[in-house]
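Trainee: Sequence first, predicted coordinates after that:
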Amino acid sequence: VAQAEGQEIMRRQPAVDLVVGPQAYHQLPELIARTHRARGERLSADFEPQEKFDALAPAGRHATGVTAFLTVQEGCDKFCTFCVVPYTRGPEWSRSPETIEAEARHLDAQGVREVTLLGQNVNAYAGEGGLAGLVRRLAAIEGIERIRYTTSHPRDMDETLIAAHGDLPELMPYLHLPVQSGSDRILKAMNRAHTAESYVGLIEKIRASRPDIAISGDFIVGFPGEREADFEATLGLVREVGYATAFSFKYSRRPGTPAAAMPGQVDEAVKDERLARLNALLDAQARRFNASQVGKVLPVLFERRGRHAGQLIGRSPYLQAIHALAPDRLIGQIVPVRVEDAA
Ligand code: SF4
């Protein structure tokens with residue numbers, strides 16, 4: 001929004017001292033100092049991603065725990081009609097595998113055991129070997145025992161990545177793969193470049209490679225032109241796939257995107273009602289998934305102390321938060337834990 005609407009923010013609200021886009025946050029201290037010295041230079045939104053990553057050298061990074069996020073990719077070329085990202089974050093851009101590995105080794109040396117590779121279109125990672133190659137490279141680092149990545153586009157879910165889920169124990173059995181809608185008519189209007197059927201087929205392939213994988217998704221209800229039948233197709237897809245967890249939203253207009261100007265904008269009350277129905281189904285699936293783990297022994301990476309005395313909080317391979325009574329010395333270790341109850 002800073003990059004797309006910075007000028008407008010300045011125009012509408014003179015109290016704003018500075019607008020900083022995501023490619024310029026490495027310059028924040030300098031920008032604040034400059035703004036303090038002289039008003040007038042209030043907009044800083046246009047920089048190349050490379051410049052930011054060069055400035056945020058891995059050697060300067062301090063890990064704050066046993067898990068860490070690691071940006072590998074930025075930007076998006078997909079232009080879904082509801083989304084502002086391609087206009088604000090620019091085209092797809094990937095860091096080199098060498099710089100990512102250097103940062104991962106630096107995190108490893110500080111005790112990080114799990115990295116989550118980040119990108120707006122992380123599986124469009126275009127460095128040598130693609131995302132699968134990168135994951136294999138990082139899995140070879142001694143102390144990095146768990147790898148996750150987010151967010152993915154179904155279009156970029158290639159065979160090498162699917163195969164990696166099957167044969168790389170470091171790659172956690174959890175995949176966030178947004179579908180947005182179960183209606184082909186709406187998917188087309190969204191410019192998603194996949195159909196409901198191709199998405200379900202993809203999930204089947206991924207499950208054939210890694211049967212226990214937990215699937216997560218994103219959904220938009222009330223996209224312009226969405227009829228009851230389209231929404232029911234979304235419910236149908238959710239039932240068919242079975243999600244471990246999901247994120248669902250009402251469509252909301254993003255200025256400058258094609259969908260904002262589309263006819264057939266859906267009533268707020270209709271959106272509310274559909275979202276409630278979708279959430280009821282997704283919540284039931286999430287509860288069922290969690291309940292299915294009760295009685296099992298899961299490897300849990302303990303991350304930090306819990307709220308109660310003697311309690312630690314960690315994550316299962318499926319990204320579930322696990323609360324257990326355990327000594328502090330287990331923080332940073334992967335320990336078998338029997339699940340007694342789920343909520
Ligand atoms: Fe790109 Fe994702 Fe936005 Fe689509 S929803 S334009 S894939 S960032």
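Mentor: Great, that's in hand.

Trainee: CA only for contacts and neighbour counts going forward, please
Mentor: Will do.

Trainee: got the residue ranges for the helices in the stretch 151-300 of the chain?
Mentor: Taking DSSP state H, counting those that start in this stretch to define them, one finds helices in the stretch 151-300 of the chain at 159-167, 184-189, 196-209, 228-241, 268-291.

Trainee: Buried by neighbour count: which residues of the fourth one qualify?
Mentor: To tie it back to what came earlier, the one meant is helix 228-241. For helix 228-241, a neighbour-count test (16 or more other C-alpha atoms under 10 Å) marks 230, 231, 232, 233, 234, 235, 237, 238 as buried.

Trainee: now do the second one
Mentor: Within helix 184-189, the residues scored as buried using 16+ other C-alpha under 10 Å are 184, 186, 187, 189.

Trainee: That one near the ligand at all?
Mentor: No - using C-alpha under 6 Å from any ligand atom, helix 184-189 stays clear of the ligand, with a minimum separation of 11.0 Å.

Trainee: contacting residues around residue 283?
Mentor: Listed by C-alpha atoms under 8 Å, 6 or more residues apart in numbering, the contact set of residue 283 reads residue 245.

Trainee: Could you export the helices of the stretch 151-300 of the chain as JSON lines, including mean pLDDT?
Mentor: What follows is the helices of the stretch 151-300 of the chain, written out as JSON lines (pLDDT from 0 to 100):
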{"stretch": "helix 159-167", "mean pLDDT": "97"}
{"stretch": "helix 184-189", "mean pLDDT": "98"}
{"stretch": "helix 196-209", "mean pLDDT": "98"}
{"stretch": "helix 228-241", "mean pLDDT": "98"}
{"stretch": "helix 268-291", "mean pLDDT": "98"}
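
Trainee: Output the buried residues of helix 228-241 in CSV; the columns should cover distance to residue 31.
Mentor: What follows is those, written out as CSV (distance: C-alpha to C-alpha, whole Å):
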residue, distance to residue 31
230, 48
231, 46
232, 49
233, 49
234, 46
235, 48
237, 48
238, 46
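
Trainee: Tell me the one of those nearest the ligand?
Mentor: residue 234 (16.9 Å; C-alpha to the nearest ligand atom).

Trainee: And for the closest one, nearest residue in space, chain neighbours not counted?
Mentor: Closest residue to residue 234 apart from its sequence neighbours, by C-alpha to C-alpha, 6 or more residues apart in numbering: residue 182 at 3.7 Å.

Trainee: wait, that neighbour sits on residue 236?
Mentor: Yes - taking C-alpha atoms under 8 Å as the definition, residue 182 is a contact partner of residue 236 at 7.2 Å.

Trainee: Overlap in contacts, the two.
Mentor: With contacts defined as C-alpha under 8 Å, 6+ apart, no residue is shared by residue 182 and residue 236.

Trainee: what about the strands in the stretch 51-200 of the chain?
Mentor: Ranges of strands in the stretch 51-200 of the chain, per DSSP state E, counting those that start in this stretch, are 67-71, 73-74, 93-94, 114-118, 146-150, 174-176.

Trainee: residues from the stretch 101-250 of the chain in reach of the ligand?
Mentor: By C-alpha under 6 Å from any ligand atom, the residues of the stretch 101-250 of the chain that approach the ligand are 120, 153.

Trainee: Minimum distance to the ligand, which residue of the stretch 101-250 of the chain gives it?
Mentor: Residue nearest to the ligand within the stretch 101-250 of the chain: residue 120 (5.3 Å; C-alpha to the nearest ligand atom).

Trainee: show me the contacts for that residue.
Mentor: For residue 120, the contacting residues are 73, 74, 75, 76, 150, 151, 152, by C-alpha under 8 Å, 6+ apart.

Trainee: How about residue 100?
Mentor: By C-alpha under 8 Å, 6+ apart, residue 100 lies in contact with 70, 72.

Trainee: Which pLDDT value does the model give it?
Mentor: Listed pLDDT for residue 100 reads 96.

Trainee: How much space separates it from residue 107?
Mentor: Distance, residue 100 to residue 107, using C-alpha to C-alpha, to the nearest Å: 11 Å.

Trainee: Same question for residue 115.
Mentor: As judged by C-alpha to C-alpha, residue 115 and residue 107 stand 9 Å apart.

Trainee: Overlap of the contact sets of the two?
Mentor: residue 68.

Trainee: Between the two, which is the more surrounded one?
Mentor: With neighbours defined as other C-alpha atoms under 10 Å, residue 115 and residue 107 compare such that residue 107 has more, 28 against 23.

Trainee: which ones are touching residue 151?
Mentor: Contacts of residue 151 by C-alpha under 8 Å, 6+ apart are 118, 119, 120, 121, 122, 123, 176, 177.

Trainee: same thing with residue 139?
Mentor: The contact partners of residue 139, by C-alpha under 8 Å, 6+ apart, come to 145, 146, 147, 170, 171.
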